[in-house]
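S.K.: Predicted model and sequence below, questions to follow.
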Amino acid sequence: MPPIRHNTTGAETDTSPTSFPPKRTKIARVLLVVGRTFLAMFLLVTAVCWFTNDVWTGSPQVAGLPSHWIVNVTIVFLVALGVAWPFLLLPVSSLALVDSDGRMLAGKTALGRRRVEIASIRAVRVTLPGRGYSTFVLALRDRRFRVLLVLGTGRWHERPFEQVAGQIIEDRGGSYSAVGRYLAGVVLVLVSSGIGLLWIGALGAALGLWHT
């Protein structure tokens, strides 16, 4: 695991997200609002589907519309959750939305603000497979087992995660560790996809979607 090196010069450090390109910060904030809105809408749609189950399974129409519109809308939301669940249900924050007060690193996630203690951070970096600019996940865990997953891309920074909100994270890995990080990213994507399919199947069965 790469060691954490802190700023000990006593000089002030810019730890605000505004040090990022304004476009990057704006995109991150918009996606955060979209994620939180989706979660609220998903809960509403699944609640409607659950509590009206007897109605739309026994009647060709609900509120003047074909009864299957409830099923179709719920399936769309369910598939979206299956694809994007790590960003919605895990403590994932954009690198542009992480800040520090000198003692804690804090990131804005879809489920609220998540913090980890800087002095006891353990860090693991993973490279996600994809085309174009590489996407990186930095997993941070402190001694109290609080976790923050920081997501970033090489599009905005040539050497991502050497510094997060003013805290320097050294990467002493060589070419083999780079390959290992990429392979870990492949495994991570496969596991995430499998869990997403389980979400779709289990929740769909619980809501009776596959029996219509």
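M.R.: Sure, I can see it. All values derive from a computational prediction rather than experimental measurement.
S.K.: mind checking how far the residue nearest the centre of the chain is from Ala28?
M.R.: In the chain, the residue lying closest to the centroid (CA atoms, centre = their mean) is Phe87, at 2.3 Å. Noted for Phe87: a distance of 11 Å to Ala28, by CB to CB, to the nearest Å. The C-beta positions use only the backbone N, C-alpha and C, and glycine is treated the same way.
S.K.: Ser94 too?
M.R.: 4 Å.
S.K.: So which of these two has more stuff around it?
M.R.: Ser94 (23 against 20; other CB atoms under 10 Å).
S.K.: quick one, what contacts that one?
M.R.: 28, 31-32, 107-108, 150-152 (CB atoms under 8 Å, 6 or more residues apart in numbering).
S.K.: same thing but at 6 Å, please
M.R.: 28, 151 (CB atoms under 6 Å, 6 or more residues apart in numbering).
S.K.: Just the buried residues of the longest helix anywhere in the chain, please?
M.R.: Selection of the longest helix in the chain by residue count, based on DSSP state H, yields helix 175-206. In terms of neighbour count (16 or more other CB atoms under 10 Å), helix 175-206 has its buried residues at 181, 184-185, 188, 192, 196, 199-200, 203-204.
S.K.: between those, which is closest to Phe42?
M.R.: Leu203 (9.8 Å; CB to CB).
S.K.: how close does that closest one sit to Leu43?
M.R.: In terms of CB to CB, Leu203 sits 12 Å off from Leu43.
S.K.: How far does the one helix or strand Ala123 maps to sit from its chain's centre?
M.R.: In this assignment (DSSP states H and E), Ala123 forms part of strand 122-128. Between the centre of strand 122-128 and the centre of its chain there are 14 Å (CA atoms, centre = their mean, to the nearest Å).
S.K.: Stretch 101-112 too?
M.R.: 13 Å.
S.K.: do stretch 184-191 as well
M.R.: 14 Å.
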